[in-house]
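Visitor: Requesting a structural model of the entry that follows:
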Amino acid sequence: MKNLTRIGLIVIIVFSVYACTRYDYDQPDTFANQAGFKRHFGFPVPASVTDLYYFADELGADVKYQLGFVADHEAVEKIVTALNLVQREPDFSSSIAQEFDWWDADVIDGLTPYWKRSSDEDYYWLLWYDTGSQRVYYIEYSL
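Guide: The predicted model follows:
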């Protein structure tokens, strides 16, 4: 019986590791990051998108995904349209983001995001676009 318990525990650990989304938060433009882009936006990475980073936190009850990249206005509009986001000041705190070299919270504070939340208010999508640097900051998370 002990062996079955150990085998069950091993299976759970292996399944948990392989069930998580692959990403490379410290390397841009990897295959895993491109797959994350397509997964969240519903279309392949446009040629104008570069310096693409991706992070996923799927452990626990809540999830969080962050993407940072450089893109032209056309690519940003395509994302905004695909996700049906609206640009306006949020009526909630969006300080849930993980800090990375490619995620500049100070820049984000000065931008008005495109965003939406689910009807039951437990899932959020936010996108900030810095027109000067053409840097996009995107976070999607549940509460």
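Visitor: When you work out contacts or count neighbours from here on, use the C-alpha atoms and nothing else.
Guide: Will do.
Visitor: Can you pull the phi/psi pair for Y123?
Guide: Torsion angles at Y123 (phi, psi; degrees, to the nearest 10) stand at phi -140, psi 140.
Visitor: Quick check: it touching L143?
Guide: Yes: the pair Y123 / L143 is scored as a contact, 6.4 Å apart, by Cα atoms under 8 Å.
Visitor: so I79 touches R39, yeah?
Guide: No: using Cα under 8 Å, I79 makes no contact with R39, being 11.9 Å away.
Visitor: between the two, which one's more packed in?
Guide: Neighbours per residue (other Cα atoms under 10 Å) separate I79 from R39, with I79 holding more: 17 against 11.
Visitor: tell me the secondary structure for Y54?
Guide: strand (DSSP: H, G, I helix; E, B strand; the rest coil).
Visitor: Secondary structure element for the residue lying closest to it once chain neighbours are set aside, which one?
Guide: Of all residues not flanking Y54 in the chain, L67 sits nearest, at 4.5 Å (Cα to Cα, 6 or more residues apart in numbering). Using DSSP states H and E, the element containing L67 is strand 64-70.
Visitor: Give me the sheet partners of that strand and which way each runs.
Guide: Using DSSP bridges, the strands paired with strand 64-70 in its sheet are strand 50-57 (antiparallel), strand 135-142 (antiparallel).
Visitor: Dump those into TSV; add mean pLDDT and mean neighbour count as well.
Guide: Below are the strands paired with strand 64-70 laid out as TSV (pLDDT from 0 to 100; neighbours: other Cα atoms under 10 Å):
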stretch	mean pLDDT	mean neighbour count
strand 50-57	97	21
strand 135-142	96	21
